[in-house]
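S.K.: Provided below for reference: sequence and predicted model.
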Amino acid sequence: MDPKELRDLSIAELKDKHKQYKQELFNLRFQNAIGQLNNASRINEVKKTIARVLTILTEKEMGIEHSGARR
């Protein structure tokens, strides 16, 4: 999910997304363990998305405004 899309979500929606991605990561790891996972790179994508969600969630909870500009 794109960071811009995540920033448009509320805190409750971000917490819900976090739960959804954690469940997906669990399922992917389980599939990998039993040899049914076709796309192993999806695990890393989901991990990065979870990190993005948590970062944006923390920013919102602390009241930090994101300028959108990168250095």
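M.R.: That came in fine, so what should we check first?

S.K.: buried residues in stretch 23-42, which are they?
M.R.: E24, L25, L28, Q31, L37 (16 or more other C-beta atoms under 10 Å). Every residue, glycine included, has its C-beta placed from N, CA and C.

S.K.: run a quick neighbour tally on the nearest residue to I50 once chain neighbours are set aside.
M.R.: Using C-beta to C-beta, 6 or more residues apart in numbering and skipping residues adjacent in sequence, the residue nearest I50 is Y21, 4.9 Å away. Per other C-beta atoms under 10 Å, the neighbour tally for Y21 reads 21.

S.K.: related to what we said a few turns ago, would you reformat the buried residues of stretch 23-42 as a markdown table and include secondary structure and pLDDT?
M.R.: Formatted as a markdown table, those follow (DSSP: H, G, I helix; E, B strand; the rest coil; pLDDT from 0 to 100):
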| residue | secondary structure | pLDDT |
| --- | --- | --- |
| E24 | helix | 97 |
| L25 | helix | 97 |
| L28 | helix | 97 |
| Q31 | helix | 96 |
| L37 | coil | 93 |
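
S.K.: name the helix or strand for E59, please.
M.R.: Per DSSP states H and E: E59 is located in helix 41-62.

S.K.: which residues sit against that helix?
M.R.: Here helix 41-62 makes contact (C-beta atoms under 8 Å, 6 or more residues apart in numbering) with 1, 3, 6-7, 11, 14-15, 17-18, 21-22, 24-25, 28-29, 32, 37, 66.

S.K.: for that helix, give the mean pLDDT please.
M.R.: Per-residue pLDDT over helix 41-62 has a mean of 95.
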